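**Q** Model the structure of this input:
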Amino acid sequence: MAVTWRSKWRWHTGYSADSVEWCPLEPYRHVLVCGTYQLEKNDEGRDGVDQPKQKRLGRIYLFSIDENTTHLSPTQELDTAGVLDQKWCYHAIQDYPVLAVVTSEGIVQLYRLMEENGTLSLRLWIENTIGEDMLALSVDWSSNKSLAQEPNLVVSDSSGSVTVFRIGDGCLQKIGHWTAHSFEAWIVAFNYWNTYLFYSGGDDCLFKSYDVRIPEAIVTNRCHEAGVTSIRSHTEVEHQLLTGSYDEKVRLWDVRQLKRCISETEVNGGVWRLKWHPFDKCVILAACMYGGFRILRVEEKASVISEYLEHESIAYGADWKFDQKLSLIATCSFYDCSMHISEINM
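**A** Numbers count the residues shown, from 1 in each chain. Coordinates of the predicted model:
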């Protein structure tokens, strides 16, 4: 398959960029958010004086990008704690698109996308904390496959734990907590076909499966050769799941048999994010840290069909625009504080 990957726009994000997410809901599929994270610099040279704890600063940028866009400029900037992950709910909740954000202060926040006088903006709706002195690292919705007005959220954190929340009565209610990993729990994800099930991956190289009704993991897999950093269920192909790892491999799984993967593919970089194409069920976008970005195609196994190496730092954030006419990808990288919008022709 011939693939061309052409950069259309580049934008400097100010703080280090680690997350980009396109809104999946009509008529807001032109909406993109970019999340950033950066340690606040303390004064140096004050020997003998206790220094204040370094703050982790963050900012969320809201963009509107469509066929009339000629240059990138955010329509809104929200100052927050450091943003570690963001995910849009695939269905409106109480008639609003909702964005989940997890931060360096251990907080999960839900923002509503509002439109007033033709202007779009994010408004904080509800929030909750997962604990003191920990970073909330990743988040996922239970409802990406099926509609739920009170969906669940799962959040992982730097203590190695995962927490499940339910949206109800205008608040986030904790319904379960699991001590999952010996080190950071880098990633969590729901099984979109069976929302009792979810998965976690940690810096201890373990990949685990859970049932929200059971207090311990139901499957523990030890096949990854380094920390497990990305997990993604498929909304169109039942039982299909992806994992990514610092070991620079993308693994394809059948969730009915988690003892061993279907295939593993070398991508020449630690895999931080994996995204299935919204309309082509066999295509994957991967952010591969020091290896740039890759597009893979799944036939009998996953194989790399294209790469994008124009970022100058760690490739962290990547997402497809939900558009069948114009195939756009947003990517972002960390220390060079850069977000790119590229056009893909497959």
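
**Q** Could you check how far the closest residue to Glu238 other than its chain neighbours is from Pro24?
**A** Nearest in space to Glu238, with sequence neighbours left out and distances taken as CB to CB, 6 or more residues apart in numbering, is Trp193 at 5.0 Å. (C-beta placed from N, C-alpha, C; glycine too.) Here the criterion is CB to CB, to the nearest Å. By it, Trp193 lies 17 Å from Pro24.

**Q** More neighbours: which of these two?
**A** Using other CB atoms under 10 Å, the more surrounded residue of Trp193 and Pro24 is Pro24, with 21 against 17.

**Q** if I look at that one, how far off is Cys89?
**A** Per CB to CB, Pro24 is found 8 Å from Cys89.

**Q** Same question for Gly317.
**A** According to CB to CB, Gly317 stands 18 Å off from Cys89.

**Q** What is the burial count for Gln76?
**A** Neighbours of Gln76 under the rule other CB under 10 Å: 15.

**Q** cool, the one 4 residues further on as well?
**A** Thr80: 21 surrounding residues under other CB under 10 Å.

**Q** again, but for Phe279
**A** 12.

**Q** Do I have it right that it meets Gln324?
**A** Yes - judged on CB atoms under 8 Å, Phe279 makes contact with Gln324 at a distance of 5.5 Å.

**Q** quick one on the thing from earlier: who has more neighbours, Gly317 and Cys89?
**A** Neighbours were counted for Gly317 and for Cys89 using other CB under 10 Å; Gly317 has more, 27 against 23.

**Q** ok, what's across the strand from that one?
**A** Cys332 (DSSP bridges).

**Q** Pull the contacting residues for it.
**A** Contacts for Gly317 (CB atoms under 8 Å, 6 or more residues apart in numbering) come out as 17-21, 34-35, 273, 287, 330-333, 339.

**Q** again, but for Val304
**A** 265, 267, 294-296.

**Q** helix, strand or coil for it?
**A** Following DSSP: H, G, I helix; E, B strand; the rest coil, Val304 is assigned to strand.

**Q** Let's see the pLDDT reported for it.
**A** On the pLDDT scale, Val304 is placed at 96.

**Q** and what of Gly269?
**A** pLDDT, Gly269: 98.

**Q** residues in contact with the closest residue to it other than its chain neighbours?
**A** Counting by CB to CB, 6+ apart, Gly291 is the residue found nearest to Gly269 once chain neighbours are left out, at 2.0 Å. Gly291 sits next to 248, 267-270, 315 when contact means CB under 8 Å, 6+ apart.

**Q** How about the secondary structure of the closest residue to His91 other than its chain neighbours?
**A** Nearest non-adjacent residue to His91, counting by CB to CB, 6+ apart: Leu147, 4.9 Å away. Using three-state DSSP, the structure places Leu147 in coil.

**Q** Verify the stated contact: Leu147 with Ile93.
**A** No - Leu147 is beyond contact range of Ile93, at 9.7 Å (criterion: CB under 8 Å).

**Q** Asn35: how many residues sit nearby?
**A** One thing to correct before we go on: residue 35 is Gly, not Asn. Neighbours of Gly35 under the rule other CB under 10 Å: 29.

**Q** and it, how far is that from Arg213?
**A** Gly35 is 32 Å from Arg213, by CB to CB.

**Q** What is the burial count for Gly160?
**A** Residues near Gly160, counting by other CB under 10 Å, number 22.

**Q** List the contacts of it.
**A** Contacts for Gly160 (CB under 8 Å, 6+ apart) come out as 179-185, 202-204.

**Q** And Asp323, which helix or strand is it part of?
**A** Using DSSP states H and E, Asp323 maps to neither a helix nor a strand.

**Q** in what helix or strand does Leu296 lie?
**A** strand 293-298.

**Q** which ones are touching Trp320?
**A** Residues in contact with Trp320 (CB under 8 Å, 6+ apart) are 22, 275, 277-278, 285, 327-329.

**Q** Out of these, which comes closest to Asp157?
**A** Of all these, Lys275 has the smallest distance to Asp157: 22.4 Å, by CB to CB.

**Q** beta partners for the residue lying closest to the closest one once chain neighbours are set aside?
**A** Distance criterion CB to CB, 6+ apart; nearest residue to Lys275, sequence neighbours excluded, is Leu285 at 4.5 Å. Taking DSSP bridges as the rule, Leu285 bridges to Lys275, Ile295.

**Q** what residues are up against Leu285?
**A** Contacts for Leu285 (CB under 8 Å, 6+ apart) come out as 273-277, 293-295, 318-320, 329.

**Q** Find the residue ranges of this structure scoring beneath the pLDDT cut-off.
**A** For the chain, the stretches flagged by pLDDT under 70 are 1, 42-52.

**Q** let's go with 50 and repeat that
**A** Judged by pLDDT under 50, the chain has its weakly predicted residues at 44-45.

**Q** pretty sure Ser327 is touching Glu343, no?
**A** Yes - at 6.7 Å, Ser327 counts as touching Glu343 under the criterion of CB under 8 Å.

**Q** Looking at the two, which is more packed in?
**A** Using other CB under 10 Å, the more surrounded residue of Ser327 and Glu343 is Ser327, with 19 against 15.

**Q** Spatially nearest residue to that one (excluding sequence neighbours)?
**A** Nearest to Ser327 is Ile344, by CB to CB, 6+ apart, at 4.4 Å.
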